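Trainee: Fold the following for me, if possible:
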Amino acid sequence: MRIIYSVALLLLMTDVFAMDLKNTHLVNGCSVFNWDGEKVKSFPGSFCQFFDDGSFLSGTIDSLKYMTKDSEIKWEYKGHIHHQVNLSPDLERIMFMSSDYNSPDKGGSRVDQLVVLSRDGKVLLRQSAADWMKQVNQEGYTKHEMTHFNSFYEIPEIKGKAPDYIKQGNYIANSSTVGTFILSADLKKVLHFRKIHTSHKHQIHDVQILTNGRMIYFNNSHTPTSNNVYFSTIEEMDLLTNRIEFEFRANPEAAFFSRYCGGVQKIDEDIILFSHMLTGTYVYSRKMKTIVNYLYQTHVLDSPSFSPSQQVKAVDVRAFMSHWK
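Mentor: Below you'll find the model as predicted:
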């Protein structure tokens, strides 16, 4: 079956798909693209979240700013921000990963600090990952970096069957090599810890809990098969059975490999959106068992060359963009 590149055909494939995606744009960092691959607008920062009133969050390696529709800074949280800035399901809390060091002069090994803010910039939760490492008896990522977290989400309302630790209001955070942590609502206790057995040395990104209670993630380095070839997959795991209920794997396997970064988003029971570090954004149909749309343009930013991307997500920014014409 040939790949469908026309967004018009793509949106007519199924009624559910059309309802979910026809009003969305693709967001890569702080750049907004339409489904024809055209960049609509870019905003300052490396990690952005957009609100209906025209305000937005702008994260950089130095701080997180809340900007109004008039480009005024409403508040600023100063500190190292990396990989992601996420919102709670009700859009009232802000989650991001920062850094802490084990010596006052900042010359010691780095460890992640996970932070939750209110919409008005107040610190609700702030916790060092060093505490969790002790709880799960893990030594560390490298000599100079105890953890390397790359995703941090609040768990949504669960409508399917799931273990007791998968509960609305708890958190899920993932560190390369170290493992995936399910954390209590106050961030103090590790409720569950695991390493993904299908991943070579737990090379995983963008780990999320879905409303069905399952876990979805970008597996950067799937455990090599008999031919010893490394490749990437997208996987959805049932945490009650530890079974992989869905897997995207290229054929041949080595045709899709993203050593670093990577994002995934489950649109509905058919459509999965995921992004490679360099090559672009893919839309996969589980029913058709094929890639139905591909946009390389999301990774071509301000020059003809490709720019590495942490992740690309489909977001409804219609109300937000009405303030930025």
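
Trainee: what helix or strand does the residue nearest to Pro89 when sequence neighbours are not counted sit in?
Mentor: Closest residue in space to Pro89, ignoring its immediate chain neighbours: Pro156 at 4.4 Å, by CB to CB, 6 or more residues apart in numbering. In short, each C-beta sits where N, CA and C put it, glycine included. According to DSSP states H and E, Pro156 maps onto no helix or strand at all.

Trainee: Start the count at 175 instead of 1 going forward.
Mentor: Okay, residue one is now 175; in that scheme the one you just asked about reads as Pro330.

Trainee: tell me which residues in stretch 450-468 are buried?
Mentor: By neighbour count, and taking 16 or more other CB atoms under 10 Å as the criterion, the buried residues in stretch 450-468 are His450, Met451, Gly454, Thr455, Tyr456, Val457, Tyr458, Ser459, Ile465, Val466, Asn467, Tyr468.

Trainee: Do I have it right that the first one meets Gly436?
Mentor: Yes. Checked against CB atoms under 8 Å, the pair His450 and Gly436 is within contact range at 6.7 Å.

Trainee: The stretch 375-499 of the chain: helices as residue ranges?
Mentor: If DSSP state H, counting those that start in this stretch is used as the criterion, the helices of the stretch 375-499 of the chain fall at 492-495.

Trainee: do the same with the stretch 225-374 of the chain
Mentor: For the stretch 225-374 of the chain, applying DSSP H, counting those that start in this stretch gives helices covering 303-309.

Trainee: Check whether Ser483 really touches Thr453, as I assumed.
Mentor: No. With the criterion set as CB under 8 Å, Ser483 and Thr453 do not qualify as a contacting pair; they are 9.4 Å apart.

Trainee: Identify the contacts common to these two.
Mentor: Taking CB atoms under 8 Å, 6 or more residues apart in numbering as the criterion, Ser483 and Thr453 both touch His473.

Trainee: quick revisit: any shared contact partners between His450 and Gly436?
Mentor: Contact with both His450 and Gly436 is made by residues Ser406, according to CB under 8 Å, 6+ apart.
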